[in-house]
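Undergrad: sharing a model that was predicted from the sequence below.
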Amino acid sequence: MHGRFMHRCLDLARKGQCETGINPLVGAVLVRDGKVIAEGFHSGFGKAHAERALLEKIEPRTSPALSAENAGRYRAPQKIRSTDILYVNLEPCCHTHKKTPPCVPLIIKSGIRRVVFGMYDPNPEVSGKGVEMLRKAGVEVTGPINPVECERLNRGFISVMTKGRPWITLKNARTIDGRYSDPKGGRMLITDETQDRWAHEFLRARHDAILVGVATILADDPRLDVRYVNNPPENYRIILDASLRIPTDSKVLQMLLKGRTIIVTSPDADLKKAEKLAESGVRIIPVEYKNGRFDWLSLWGKLTTPDGEFHGISTILLEGGPKTWEIFRNEKMVDEEVIFIGE
């Protein structure tokens, strides 16, 4: 029984893809007599957590201030029953040094007496402490339930918390005989439409950012967007370009979401060009570049630190070409690799 409702939490949590920044993807459901009576999910960085979003739909008076996304959307308030069960795919938070209030006190105040969670929070300020606080308050807590699936969904959040960098998936396509390009080094279509659709739905649409080296931009001029998906997420496009060689008429710079394009370059690159790109809405991140490599620790720090409207990145899909792949492999920064074999 628990598995069915936890899967619903995961489905809800995915709705926050590319919107929560370095925060986790979290969904919650309230079950009464075997039926879901309310749902909520963390819809964006700085917005209500899943538990609060759910409780405001059931009994808005449990919260001192209504979140913007739930204001004016309620059914008639109803009282929480002692037999109701709250399901959430991540241990409820209890720390206070953040943008939103902690969920554990809210859950206790609401009268919920049973909580089922999917995985422990990897944040050391929370890990195990949220569960402990609930139990001390007399709440029956069950979990972890389906921890492998829950951890898979939040692999980016876990990576940021434990490694200090985004989770990185390397995607490459090759022919049966191992070729990546035609004999002259030019672009070669390898995958078919079925493979392309799968890559967009299960890779591009499920990562916060798509990363390539500038050589890919110069050779292929890709859009680096998400297609074949209804209501695709607004993910970031990251280009590694130490010398700022990217042409200003590149497709990736002509798209409406310029603010979602990031160019990582050397502080010694063309300053006027960098300023012009920044004025057009492109985010320029200067990172020290020596001996053919960026200062990766510095880059990861900048990509996982919220700054204004930039809420950080927790998952990256590494595309590009063999040279970029080799750099990431050699630096041991590839967490998983997906290989497409074409004709």
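TA: Ah, there it is. Only a predicted model underlies this, so the values are computations on that prediction, with no experimental measurement involved.
Undergrad: same for the longest strand belonging to the chain, what does it pack against?
TA: Using DSSP state E to define each element, the chain has its longest strand at strand 167-175. Packed against strand 167-175 by the contact rule (3 or more C-beta pairs under 8 Å, 6 or more residues apart in numbering; DSSP states H and E) you find helix 155-163, strand 315-318, helix 322-330, strand 336-342. All C-beta atoms are positioned from the backbone trio N, CA, C, and that covers glycine.
Undergrad: can I get these in JSON lines with distance to Thr261, mean neighbour count and mean pLDDT?
TA: Output for the helices and strands packed on strand 167-175, formatted as JSON lines (distance: least, C-beta to C-beta, whole Å; neighbours: other C-beta atoms under 10 Å; pLDDT from 0 to 100):
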{"stretch": "helix 155-163", "distance to Thr261": "20", "mean neighbour count": "20", "mean pLDDT": "98"}
{"stretch": "strand 315-318", "distance to Thr261": "14", "mean neighbour count": "25", "mean pLDDT": "98"}
{"stretch": "helix 322-330", "distance to Thr261": "17", "mean neighbour count": "15", "mean pLDDT": "94"}
{"stretch": "strand 336-342", "distance to Thr261": "23", "mean neighbour count": "13", "mean pLDDT": "92"}
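Undergrad: what would those look like in a markdown table with distance to Lys47?
TA: Below are the helices and strands packed on strand 167-175 laid out as a markdown table (distance: least, C-beta to C-beta, whole Å):
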| stretch | distance to Lys47 |
| --- | --- |
| helix 155-163 | 16 |
| strand 315-318 | 19 |
| helix 322-330 | 32 |
| strand 336-342 | 29 |
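Undergrad: between those, which gets nearest to Asp221?
TA: For those, the distance to Asp221 is smallest for helix 322-330, at 16.4 Å, taking C-beta to C-beta.
Undergrad: what's the closest one in contact with?
TA: 168, 170, 172, 180, 211-213, 215-216, 240, 293, 318, 334 (C-beta atoms under 8 Å, 6 or more residues apart in numbering).
Undergrad: most widely separated two among these?
TA: Tyr180 and Arg293, at 21.6 Å, using C-beta to C-beta across these.
Undergrad: those two: which is more packed in?
TA: Counted by other C-beta atoms under 10 Å, Tyr180 and Arg293 do not tie: Tyr180 has more neighbours, with 15 against 12.
Undergrad: now do the same for Lys98: its pLDDT.
TA: pLDDT, Lys98: 64.
Undergrad: ok, which stretches of the stretch 51-200 of the chain are strands?
TA: 85-88, 114-117, 140-142, 167-175 (DSSP state E, counting those that start in this stretch).
Undergrad: export those to TSV and tack on mean neighbour count?
TA: Below are the strands of the stretch 51-200 of the chain laid out as TSV (neighbours: other C-beta atoms under 10 Å):
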stretch	mean neighbour count
strand 85-88	27
strand 114-117	22
strand 140-142	14
strand 167-175	19
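Undergrad: mind checking which of those is nearest Thr265?
TA: Closest to Thr265 of the strands of the stretch 51-200 of the chain, according to C-beta to C-beta: strand 167-175, at 19.7 Å.
Undergrad: who does the lengthiest helix in the chain touch, helix- and strand-wise?
TA: The longest helix of the chain (DSSP state H) is helix 2-13. If you count contacts as 3+ C-beta pairs under 8 Å, 6+ apart, helix 2-13 packs onto strand 27-32, strand 35-41, helix 50-58, strand 85-88, strand 114-117, helix 147-153.
Undergrad: of those, flag the one that's most buried.
TA: Highest mean neighbour count among these (mean count of other C-beta atoms under 10 Å): strand 85-88, with a mean of 27.
Undergrad: could you pull up the mean pLDDT of that one?
TA: Averaging pLDDT residue by residue across strand 85-88 gives 98.
Undergrad: how about stretch 133-143?
TA: 97.
Undergrad: and for stretch 177-188?
TA: Stretch 177-188 comes out at a mean pLDDT of 60.
Undergrad: do the same with stretch 286-305
TA: Mean predicted confidence for stretch 286-305 is 96.
Undergrad: export that stretch to PDB, keeping only CA atoms.
TA: What follows is stretch 286-305, C-alpha atoms only, in PDB (Å, rounded to 0.1, in the frame of the first residue of the first chain):
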ATOM      1  CA  PRO A 286      34.200  33.900 -15.400                       C
ATOM      2  CA  VAL A 287      36.300  31.000 -14.000                       C
ATOM      3  CA  GLU A 288      40.000  30.700 -13.800                       C
ATOM      4  CA  TYR A 289      41.400  28.700 -16.700                       C
ATOM      5  CA  LYS A 290      44.900  27.200 -16.700                       C
ATOM      6  CA  ASN A 291      46.700  24.400 -18.600                       C
ATOM      7  CA  GLY A 292      43.500  23.700 -20.700                       C
ATOM      8  CA  ARG A 293      41.200  23.200 -17.700                       C
ATOM      9  CA  PHE A 294      38.800  25.300 -15.700                       C
ATOM     10  CA  ASP A 295      38.900  25.500 -11.900                       C
ATOM     11  CA  TRP A 296      36.100  23.000 -11.500                       C
ATOM     12  CA  LEU A 297      35.700  23.600  -7.700                       C
ATOM     13  CA  SER A 298      35.100  27.300  -8.400                       C
ATOM     14  CA  LEU A 299      32.700  26.600 -11.200                       C
ATOM     15  CA  TRP A 300      30.700  24.100  -9.200                       C
ATOM     16  CA  GLY A 301      30.500  26.600  -6.300                       C
ATOM     17  CA  LYS A 302      29.100  29.300  -8.700                       C
ATOM     18  CA  LEU A 303      26.600  26.900 -10.300                       C
ATOM     19  CA  THR A 304      25.300  25.600  -6.900                       C
ATOM     20  CA  THR A 305      25.000  29.000  -5.300                       C
END
